[in-house]
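Novice: only the shape, not the letters, is given here:
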């Protein structure tokens, strides 16, 4: 499969936005949340999410708007599982009141991402990305 230049450009732009999200983390909690969103992939691929986070223009230094994302969760066009995952991610940042019981709404792949994020948040980053739990 050959990628067109637009697809290559879109992919590079999305990668820069992902990196800006990680670089903008100001705490271990924000870093764990950012890494979880990047690893999950589908949520950050949505323009509505990038816009809510303030990452559409790919500024040289991002000021991520976690609160803006929280206020728009139901207007982002996410499915139920994506909303559950995003709610858990936002709770890692300290925004919202999502109970841990929301993990029952996650599929195996997103659950594994969330478990790695919680491990990072706890200060133990020994689980490599892609490790099967």
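Specialist: Sure, I can see it. Note that the structure is a prediction, hence the values are computed from the model and not measured.

Novice: not counting its neighbours along the chain, what's nearest the residue most central in space within the chain?
Specialist: Central residue of the chain (Cα atoms, centre = their mean): residue 37, 1.6 Å from the mean position. Spatial nearest neighbour of residue 37, excluding adjacent residues (Cβ to Cβ, 6 or more residues apart in numbering): residue 44 at 5.3 Å. C-beta: built from backbone N, CA, C; applies to glycine.

Novice: and that neighbour, which of the three is it?
Specialist: In three-state terms, and counting by DSSP: H, G, I helix; E, B strand; the rest coil, residue 44 is coil.

Novice: give me phi/psi at it?
Specialist: Note on residue 44: its backbone torsions stand at phi -70, psi -10 [degrees, to the nearest 10].

Novice: ok, now which ones touch it?
Specialist: Counting by Cβ atoms under 8 Å, 6 or more residues apart in numbering, residue 44 makes contact with 14, 17, 18, 21, 37, 38, 50.

Novice: if we can go back for a sec, can you give me how far the helix or strand containing the residue nearest to the centre of the chain is from the chain middle?
Specialist: Using DSSP states H and E, residue 37 sits within helix 28-40. Helix 28-40 sits 6 Å away from the centroid of its parent chain (Cα atoms, centre = their mean, to the nearest Å).

Novice: and stretch 91-100, by the same measure?
Specialist: Mean-position distance between stretch 91-100 and its chain equals 14 Å (Cα atoms, centre = their mean).

Novice: about what we covered before: so of the contacts of residue 44, which ones are in helices?
Specialist: Using DSSP state H, 14, 17, 18, 21, 37, 38, 50 are the members of these that sit in helices.

Novice: can you redo the residues you listed as JSON lines with distance to residue 115?
Specialist: As requested, these are exported to JSON lines (distance: Cβ to Cβ, whole Å):
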{"residue": "14", "distance to residue 115": "24"}
{"residue": "17", "distance to residue 115": "25"}
{"residue": "18", "distance to residue 115": "20"}
{"residue": "21", "distance to residue 115": "20"}
{"residue": "37", "distance to residue 115": "15"}
{"residue": "38", "distance to residue 115": "16"}
{"residue": "50", "distance to residue 115": "25"}
